[in-house]
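S.K.: I would like the atomic coordinates for the input below:
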Amino acid sequence: MRLRAGQRIEHFDTIRVTKAGKKINVSLTISPIRDATGKITGYSKIARDITERKRAEEILFRYAAIVESSDEAISSVTLDGVTVTWNAGAERMFGYTESEAVGKHASIIVPPELRDQQKELLQTLRAGGRIEQFETVRVTKTGKRIDVSLSIFPVKDSTGKIVGFAGVARDVTKRKRAEEALLSSEQRYRLLFERNLAGVGMTSLDGQVLDCNDGWARILGCESRDEVIGRNAAEFYFHPPDRQQLLEELLENQAVFSRELQMRQKDGSPVWVLFNAAALNSEHNIPILQSTIIDISDRKRAEEALSGMTRKLIEAQEQERARIARELHDDVSQRLALLAVELDQWDHSSPDSPDLHSHLEHAKGRISDLAHDVQNLSHQLHSSKLEYLGLVVAARSFSKEISEKNDMSVDFREHGVPHSLPKEVSLSLFRILQQALHNAVEHSGAKNIEVRLWEDSNEVHLTVKDSGRGFDLLSAMQGGGLGLTSMRERARLVNGDIAIDSKPMHGTSIHVRVPIDSEVFDQRKAV
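M.R.: As a prediction, this is how the structure comes out:
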C-alpha cells in the first residue's frame, strides 16, 4: 500500500525463506518504478542478508543486559579518562547516577592521595597493557571509602587502534575486613603465644619440639627458645608421661591431657609444672600436640611446707598428750597413791591419837594442792573463765598464775576491751598470750613481763614485753619451732596481724592487732 502510494521502503528488516525452507534475516530497500508520465509501473527491490548482524546485535543486547544486571561496577572511558558508559552496578556501588557520571572524569571516585596511581594505570593501559585484579581504594559520592578489585582492558576499533578502556570494579571491602580480622587474630595469637608467662609449645607426635615461646624456655632454665626447639621433649622430663597413652587419649578421645609433672631444667635441677596438652591439626593436616606448662614449684614447696607443718602440729599434739599423761601418772597419780597409803595407815591408828587431827589437816592440804594442780592442768587445756567471764578476766587470771608459779612479776593492764568479743577472737588472743608468756618464762630469763590489752578504733590490741635475752627472729623462724608459727596462724585466722620485735640481749616485744566489727562496740555502748 505504501509503495502504491508512491513511497519508498528503506532498510526494512524482516524475514524471508529460502527454497530449502531456511529462514534468514534480510534488510529490504524497495523503490517504485515510474514511466515517462510518472505513473508507477512496478518496483525495484534490494535484499541484504543481515543474519550475522542480527546475531551480533543479539549478542550485544545480551551483553548489555548482563552489564546492566551485574552487581559489579562496569564502565568505559575515553583515552583521556572521561566516562562514556556507567552501569547500574556502578550506580549502586559508588552512588553516582549514569547522568552524573557520564561525561565526568573517572577520577571523581579516586581518593586524592591515589591520583598519581590513577595516572600510572592509564599510562599502562595506553601502552596496550591490561590491569588484572588490582586492589585499591575508591570513594563513593557520600565520601565513604571502599576497597575494590579492578580489572581494566583497552577497547580497540576495527583497525586495532585503542580508542578507550573498559573496566570492572568489585567491592572487596568485606573480604579485606575479614582478611584484616584474620591477620589481627593471627597476630594476637602469636603475641599471646610469644608473651605468655606460661610455657607454650608445639611438638610432633614423636616428641620433637617444633616451636615454643620464651616462657617455655625460661621455665626450663634456658636463655632462649632456640636452645629448646628441635630437641626431644623427653629430654626435659624426670619421669616422662606414657607417650602412647597420651597419644591415644588425645587423638582418639579428643581429650585434654592435664597432669602435674616434674621437669628437668638446663642445669639439671627439678621444676614442678602443670602440664596440659591437646591435639590439633597443622596447616598440612598433620596431627601435632600443643601443650602448656605452668611453673608450680612455689605451690609444691608451699604444699610440702604445709604438710611439714601439719606433721609438726600432730607431733606437738602427741607431745602435749604425752606431757599431760606423764603429769597425771608421775605426779597426780603418785601423789594420790601416796595419800591413799597414808590414809590407810591412819585408819589403823587409835581414834584417840593426838596426831590424828594433824594428819587429817595435812591430808586436806595435800588434797587441796592436788585439786589446784588438776585445775591448772585443765585450765591450760580449756579456760572456763575465758568461756564464761571473757577475755579480760581469763587473761588477768592466767597472768597471775604464771607470776605466782614462776616467782616473777607479770604486770597486766587492760583498757576498754568489751566483754562481748567474738568467741574465736577471744580464744585466739588468749592462746597467743599463753604462748608468749610460756616463751618468756622458758627462754627470756626476765623477771618482769608487761601485758597490755586494750581497744582502739574498733581494734583489739595485745602486747607482751620483756627485757630478757631476746633472740634472732629469722633464725627462730627457720629453726622449725611451732611457737612463733602458731601465734602467726592464730592471728591470721581472725584477720589480724602480729609484729614480733626481738634482738639478742635486747628483750622481746610481741604486738597483736585484731579488727572487730563495729557492732560489737555499739552493743557495749548501748549497755
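S.K.: rest of the way, CA atoms for contacts and neighbours
M.R.: OK.
S.K.: which strand residues bridge residue 275?
M.R.: Beta-bridge partners of residue 275, counted by DSSP bridges, are residue 259, residue 293.
S.K.: neighbours of it, just the number please.
M.R.: Residues lying near residue 275 (other CA atoms under 10 Å) number 18.
S.K.: that one contacts residue 263, doesn't it?
M.R.: No. Assessed by CA atoms under 8 Å, residue 275 is found out of contact with residue 263, at 9.8 Å.
S.K.: quick check: residue 516 touching residue 458?
M.R.: Yes. Residue 516 lies in contact with residue 458 (CA under 8 Å); the separation is 5.5 Å.
S.K.: now for the host helix or strand of residue 77, which elements pack on it?
M.R.: Using DSSP states H and E, residue 77 maps to strand 73-78. Strand 73-78 sits against strand 83-86, helix 88-94, strand 162-171, with contacts defined as 3 or more CA pairs under 8 Å, 6 or more residues apart in numbering; DSSP states H and E.
S.K.: pairing partners for that strand, with directions?
M.R.: Partners of strand 73-78 in the sheet, by DSSP bridges, are strand 83-86 (antiparallel), strand 162-171 (antiparallel).
S.K.: out of the ones you listed, flag the one nearest residue 405.
M.R.: Minimum separation from residue 405 across these (CA to CA) falls at strand 162-171, 97.1 Å.
S.K.: other residues contacting that closest one?
M.R.: Defining contact as CA atoms under 8 Å, 6 or more residues apart in numbering, one finds that strand 162-171 is touched by 72-79, 93, 125-126, 128, 146-157.
S.K.: pull out the buried members of those.
M.R.: By neighbour count, with 16 or more other CA atoms under 10 Å, the contacts of strand 162-171 hold 72-79, 93, 125-126, 146-155 as buried.
S.K.: residue 508 and residue 473 touch, don't they?
M.R.: No. Assessed by CA under 8 Å, residue 508 is found out of contact with residue 473, at 9.8 Å.
S.K.: neighbour-wise, which of these two wins?
M.R.: When residue 508 and residue 473 are compared for neighbours, residue 508 comes out ahead with 23 against 16, by other CA under 10 Å.
S.K.: from residue 398, how far out is that one?
M.R.: Note on residue 508: its distance to residue 398, by CA to CA, to the nearest Å, is 20 Å.
S.K.: swap in residue 450?
M.R.: 13 Å.
S.K.: got it, and residue 261?
M.R.: Distance of residue 261 to residue 398, given as CA to CA: 51 Å.
S.K.: quick one, what contacts residue 128?
M.R.: Under the criterion of CA under 8 Å, 6+ apart, the neighbours of residue 128 are 154, 162.
S.K.: so where does it fall, helix or strand?
M.R.: Counting by DSSP H and E, residue 128 is part of no helix or strand.
S.K.: residue 516 and residue 458 - which one has more neighbours?
M.R.: With neighbours defined as other CA under 10 Å, residue 516 and residue 458 compare such that residue 516 has more, 19 against 16.
S.K.: picking that back up, between residue 261 and residue 398, which has more neighbouring residues?
M.R.: Between residue 261 and residue 398, counting by other CA under 10 Å, residue 398 is the more crowded of the two (23 against 18).
S.K.: you'd agree that one is in a helix?
M.R.: Yes. Under DSSP: H, G, I helix; E, B strand; the rest coil, residue 398 sits within a helix.
S.K.: count of residues packed around the closest residue to it other than its chain neighbours?
M.R.: Spatial nearest neighbour of residue 398, chain neighbours left out: residue 434 (7.8 Å); criterion: CA to CA, 6 or more residues apart in numbering. When neighbours are counted by other CA under 10 Å, residue 434 registers 18.
S.K.: ok, residue 127 next?
M.R.: For residue 127, the tally of surrounding residues (other CA under 10 Å) stands at 10.
S.K.: dihedrals phi and psi, it?
M.R.: Main-chain torsions, residue 127, degrees, to the nearest 10: phi -80, psi 0.
S.K.: residue 362 too?
M.R.: Main-chain torsions, residue 362, degrees, to the nearest 10: phi -60, psi -40.
S.K.: for it, give me its contacts.
M.R.: Here residue 362 is in contact with no residue (CA under 8 Å, 6+ apart).
S.K.: quick check: it vs residue 334, distance?
M.R.: From residue 362 across to residue 334, the span is 17 Å (CA to CA).
S.K.: cool, residue 36 as well?
M.R.: Applying CA to CA to residue 36 and residue 334 gives a distance of 174 Å.
S.K.: returning to what we had before: could you redo the helices and strands packed on strand 73-78 as JSON lines and give each row mean pLDDT and distance to residue 298?
M.R.: Listed next are these as JSON lines, based on pLDDT from 0 to 100; distance: least, CA to CA, whole Å:
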{"stretch": "strand 83-86", "mean pLDDT": "89", "distance to residue 298": "72"}
{"stretch": "helix 88-94", "mean pLDDT": "90", "distance to residue 298": "62"}
{"stretch": "strand 162-171", "mean pLDDT": "88", "distance to residue 298": "57"}
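S.K.: export these to CSV and tack on distance to residue 426?
M.R.: Converted to CSV, the helices and strands packed on strand 73-78 look like this (distance: least, CA to CA, whole Å):
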stretch, distance to residue 426
strand 83-86, 91
helix 88-94, 80
strand 162-171, 77
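S.K.: do you know which of these lies nearest residue 119?
M.R.: That would be strand 162-171 among the helices and strands packed on strand 73-78, by CA to CA, at 13.5 Å.
S.K.: so how far is that closest one off the chain centroid?
M.R.: Centroid separation for strand 162-171 versus its chain: 51 Å, with CA atoms, centre = their mean, to the nearest Å.
S.K.: report the buried residues of that strand.
M.R.: Residues of strand 162-171 classed as buried by neighbour count (16+ other CA under 10 Å): 162, 164, 165, 166, 167, 168, 169, 170, 171.
S.K.: and these as TSV, adding distance to residue 12?
M.R.: Putting the buried residues of strand 162-171 into TSV (distance: CA to CA, whole Å) gives the following:
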residue	distance to residue 12
162	34
164	33
165	34
166	33
167	36
168	37
169	40
170	42
171	45
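S.K.: ok, so of those residues, who is nearest residue 463?
M.R.: When the buried residues of strand 162-171 are compared against residue 463 (criterion: CA to CA), the nearest one is residue 171, at 79.6 Å.
S.K.: gap between that closest one and residue 178?
M.R.: From residue 171 across to residue 178, the span is 13 Å (CA to CA).
S.K.: excluding chain neighbours, what is closest to residue 18?
M.R.: Closest to residue 18 by CA to CA, 6+ apart is residue 24, at 7.5 Å.
S.K.: which SS state does the one you found fall under?
M.R.: The local conformation at residue 24, judged by three-state DSSP, is strand.
S.K.: and it, what does it touch?
M.R.: 15, 16, 17, 18, 49, 50, 51 are the contacts of residue 24 under CA under 8 Å, 6+ apart.
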